[in-house]
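> quick one, what's the 3D model for this:
(chains A, B and C)
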Amino acid sequence: MSEKLKLEAYYGLPDEVKFCTKCVMSNQRPTSAIEFKHTKDSKKTTMNFDEHGVCDACRTSEIKDNINWGMREEELIKLLDKHRKNDGSYDCLVPGSGGKDSAYQSHVLKYKYNMNPLTVTWPPILYTEYGLKNWRNWLDSGFDNISFYRNGKVMKLLTKLSIENLLHPFQTFILGQKNLAPKIAAKHGINLIFYGENEAEYGNPIADNMSSLRDKSYHSFDNLEDIYLAGVTVKELIENHDVRLSDLMAFLPPKKEELEKANIEVHYLGYYLKWTPQEVYYYAVENTGFKARPHRTQGTFSKYSGIDDKIDDLHFYTTFIKFGIGRATYDAAQEIRNRHLTREEGVALVSRFDGEFPDRYFNDVMEYIDMKPDDFYALCDKFRSPHLWGKNVNGDWQLRHNVSHTGLND
Amino acid sequence: MKTVRIIPRLDIKGPNLVKGIHLEGLRVLGKPADFAKFYYDEGADELLFMDVVASLYERNSLHNIIRETAKSIFIPITVGGGLRTISDIKDVLRVGADKVCLNTAALKNPQLIKDASRMFGSSTIVVAIEAIKEPDGSYLAYTDNGREYTGVDVFEWSQKVVELGAGEIVITSVDREGTGQGYDIELVSKITNLVSVPVIAHGGAGKKEHIVDILKSSNASSAMISSLFHYHFIKDNESRASNLEGNVEFLNQKRSFHTFEPCQIKDVKNNLIENQIECRI
Amino acid sequence: MSKKVVIIDYQLGNLFSVKQACDIVGINAIISSDKNDILNADALILPGVGAFIEAMNNLIKLELDTFIKQKVKNGTPIFGICLGQQLLFTKSEEFGSGNGLDLIPGTIKRFPENFEDRLIKVPHIAWNTIYKSGQNWELTALKEICNNEFMYFIHSYFVKPDNDSVVLTLTNYDGIEFCSSIQHNNIFATQFHPEKSSDKGVSIYKNWAVINNII
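Numbers count the residues shown, from 1 in each chain, chains lettered A, B, ... in the order given. Below is the predicted model:
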């Protein structure tokens, strides 16, 4: 009988590692954090598993099958009718960087539902070549666009700090992306913003699904000193890193007053229209000139999701380090829920690809943030939670538990 | 006479026939046996069954489908997907396949082509090459259904496989595949002029005129077609797709695919004859 | 008691489809490499895809060559397909080949890769037409076949009989005319694959059996 090691679990993650019995997700998966409160010491809330060992995301997916989509579409049409403008102005805002999701949304809203969308782009940190092509093709298929090119010096600084402090390369991208849309909407008098999938699809507490409006706490703040960027307070950034408040505004959410004055509503199209990622891919290919990348994304098996930013691959590598969950797990879990894969296949894919080191763009990223690869590896090791990682007989890091039960302690 | 062959390609995943774009995003379209029988009755010259996820999952599961098909369909059947050893090849030939199609295994272990062609005859061994056009204009070969980069030049590789004993080559343009924008004439004509074995063109047929184009502009011996025929089939036929597996959203929504002008085998063949290209009618 | 046909298994080729074609038309056939089965057979089918040398070696190793020759000389009907047809002949020009079964005088030749300044694709993998040579098809397995019917071919070599009278059908591949099937007494053989030539092809199995009183 093996003795139960009492190992520390970082980030407030659950001590025991469990895998969903329906998909391949583990219980270490954090639910969306409020990024500007995110520090080194933040405790994560993680996805809930019910008494049958099934995760919330799978349960939500089951509910999805029974939703009356006809009724939901009617709700959408009512909403759109309320906002549609016939005087030439924009009546809705669709944020996106050229990925299949925003391509689909904007196209469907414009050409199926006769809305007049303005698209807005917070560009990827490091655009990939085909990502850029897809972005252009998207706009060339018929959309006005406002792109905000963020202060490169500050972007670089914040990306580097978020990697160093949080091992979260994507934090700055997420911030900018979330915060830009409401600001542009407010400035242009647009009252309706559409995002794609409802985050509850991916394991946020089910309660958020009951209405598809985003929790306003993501979109407003009261006090500057409560704000953390890259795990550092704004105050510290100004004092120690040679930035001004004005340099940081692009990354910060709009003020509460700004939003309320503008009467903006944020909706998830995924609440109203049944969202099947593969069908979204097809739609984008057929209608907006979208092309999958020619080679498999490292760390997973797919070719058409999250392909516009070179840092994306590294981002998933860090989730693998911090939570033991790589990109293949995320992709497979979702495809299992959409019934494109059986669990057996999902497990095989995860075993084959999860945690694959993304060397294709690694050097580009290191150069960008001016970090030595060895320093990055050392940093990774600091973030490996003892309850997830151990060293095998060859002295290499290995997960203690994995979905195919071939982990160090399985 | 010198005739060309029209070969429907059936991509299979588990129990279902699927179709993707750029070999990606597999949509379920129905039951393989239904498509096979339909195409046979319609005058298909051969059939290719491809297990499109065999390499990824390291298994080829087409045996039952092949066996059932071979019982009532009397045209040549080629089988590919995840065939890695002589034993894999033998198994599939035993259940009724006439030719086998190798890709990933051949690139990883070229000796397999030599051994297999010696053992089963050159004409039994078809090598599939999945080509992606690189930014510098070169064409590189990919494996695992268009997923894995190998860095191998397609033209050098095509000559090598013939030297090793392959009796036929299927050249797929991954860029055109599933888009309905026409075959990659540059790619196909270059290969057909380089090798002495028959070459089958694949990837991009969106309307019957594309098939005339490729056969007139290159020395291809055959045109392989998937979307063009499949989308026509499902327009008129009830799908019996197994709902347990795969992306069935498309079928459930009963949408069409507007970059294609779906048609039947006889439309393609009549069009060929009108354009002075000989084929079996 | 129904007549028994043996499909000779010498480890080369897709025998499954040959058997399927027999089943569909009602021929009582078994697949076997056992010389006793061959000896007791009422008729023989000699299929095959692959190399001439390999095939002859296998037949000799299994001691089937002598029995096949014996049976055929004694009048047992035999149906050769593709490589099976080639094995009935005297010898092949394929490098290193020994002799064939020599039941029909003639040689096996390879398609040239260059002919009249044209590049010829080899193997010949195609549906191509068979047409009359001199013999009447009425009393043969081809009785339901029309002149210029399409059949499926897949081969790099073809037969050249010494005697034109055995030629049953001719075929033209990109300018090269060759013998695509033969009929001589109890010997019937095709270069093309009738079991892969759709319904018309399958009818050849039926009519061969009928003509030879097997069904």
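
> how about B:D267, what does it touch?
B:K208 (Cβ atoms under 8 Å, 6 or more residues apart in numbering or on different chains). Backbone N, C-alpha and C define where each C-beta goes, glycine included.

> nope, B:D115 is what I meant
So B:D115 contacts B:I86 (Cβ under 8 Å, 6+ apart).

> quick check: it vs chain C, distance?
Shown here: B:D115 relative to chain C, a distance of 13 Å by Cβ to the nearest Cβ, to the nearest Å.

> which element is that residue on?
B:D115 belongs to helix B:111-120 when assigned by DSSP states H and E.

> got the CA positions of that helix in PDB?
C-alpha atoms of helix B:111-120 as PDB (Å, rounded to 0.1, in the frame of the first residue of the first chain):
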ATOM      1  CA  GLN B 111      12.200   0.900 -46.300                       C
ATOM      2  CA  LEU B 112       8.600  -0.100 -45.800                       C
ATOM      3  CA  ILE B 113       7.700   0.900 -49.300                       C
ATOM      4  CA  LYS B 114      10.500  -1.400 -50.600                       C
ATOM      5  CA  ASP B 115       9.600  -4.300 -48.500                       C
ATOM      6  CA  ALA B 116       5.900  -4.000 -49.100                       C
ATOM      7  CA  SER B 117       6.200  -3.600 -52.900                       C
ATOM      8  CA  ARG B 118       8.400  -6.600 -53.000                       C
ATOM      9  CA  MET B 119       6.000  -8.700 -51.000                       C
ATOM     10  CA  PHE B 120       2.700  -7.600 -52.400                       C
END
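
> any idea how many residues pack against residue 140?
As the question left the chain open, I've gone with chain A. A:D140: 10 surrounding residues under other Cβ atoms under 10 Å in any protein chain shown.

> not what I meant, chain B
20.

> contacts only, for it.
For B:L140, the contacting residues are B:131-132, B:134, B:149-154, by Cβ under 8 Å, 6+ apart.

> one more pass at 10 Å, please.
B:L140 sits next to A:294-295, B:129-134, B:149-154, B:157, B:174 when contact means Cβ atoms under 10 Å, 6 or more residues apart in numbering or on different chains.

> and which of the residues you listed is nearest chain C?
Nearest to chain C among the contacts of B:L140: B:I129, at 16.7 Å, using Cβ to the nearest Cβ.

> does that closest one belong to a helix, a strand or coil?
What DSSP: H, G, I helix; E, B strand; the rest coil gives for B:I129 is strand.

> just confirm it contacts B:E168, I think it does.
No: counting by Cβ atoms under 10 Å, B:I129 stays clear of B:E168, with 11.3 Å between them.

> give me the common contacts of these two.
Residues touching both B:I129 and B:E168 (Cβ under 10 Å, 6+ apart) are B:161, B:199.

> tell me the gap between the helix holding B:D115 and the middle of its chain.
21 Å (Cα atoms, centre = their mean, to the nearest Å).

> same question for stretch B:264-279.
Relative to its chain's centre, stretch B:264-279 lies at 20 Å (Cα atoms, centre = their mean).

> equivalent analysis for stretch B:137-155, please.
The answer for stretch B:137-155 is 17 Å, by Cα atoms, centre = their mean.

> check which residues of it are buried.
For stretch B:137-155, burial by neighbour count (16 or more other Cβ atoms under 10 Å in any protein chain shown) applies to B:139-149, B:152-155.

> what distance separates the start and the end of that stretch?
13 Å (Cα to Cα, to the nearest Å).

> about what we covered before: mind checking which of the contacts of B:L140 are in strands?
Using DSSP state E, the subset of the contacts of B:L140 located in strands is B:129-133, B:149-153.

> keep these, but drop any that are not near chain A.
Among the ones in strands among the contacts of B:L140, proximity to chain A is found for B:132-133, B:149 (Cβ under 10 Å from any Cβ of the partner chain).

> and the stretch 51-200 of chain A, which residues reach chain B?
For the stretch 51-200 of chain A, the contact set with chain B under Cβ under 10 Å from any Cβ comprises A:100, A:129-130.

> reformat those as CSV; add neighbour count and pLDDT.
Listed next are these as CSV, based on neighbours: other Cβ atoms under 10 Å in any protein chain shown; pLDDT from 0 to 100:
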residue, neighbour count, pLDDT
A:K100, 28, 92
A:E129, 11, 89
A:Y130, 18, 88
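
> before we move on, back to that, so which of the buried residues of stretch B:137-155 would you say is closest to chain A?
Nearest to chain A among the buried residues of stretch B:137-155, counting by Cβ to the nearest Cβ, is B:R147 at 3.9 Å.

> give the contact list for the closest residue to that closest one other than its chain neighbours.
Counting by Cβ to Cβ, 6 or more residues apart in numbering or on different chains, B:R147 lies nearest to A:R296, which is 3.9 Å off, once chain neighbours are set aside. Contact analysis of A:R296 by Cβ under 10 Å, 6+ apart lists A:302-303, A:353, A:356, B:24, B:56, B:142, B:144-149.

> mind redoing it with 8 Å?
A:302-303, B:144, B:147-148.

> enumerate the residues of chain C near chain B.
Contact residues, chain C versus chain B (Cβ under 8 Å from any Cβ of the partner chain): C:12-14, C:16-17, C:20-21, C:24, C:49-51, C:83, C:113, C:119-123, C:125-129, C:150, C:152, C:154-156, C:172-174, C:193, C:195-199, C:201-202.
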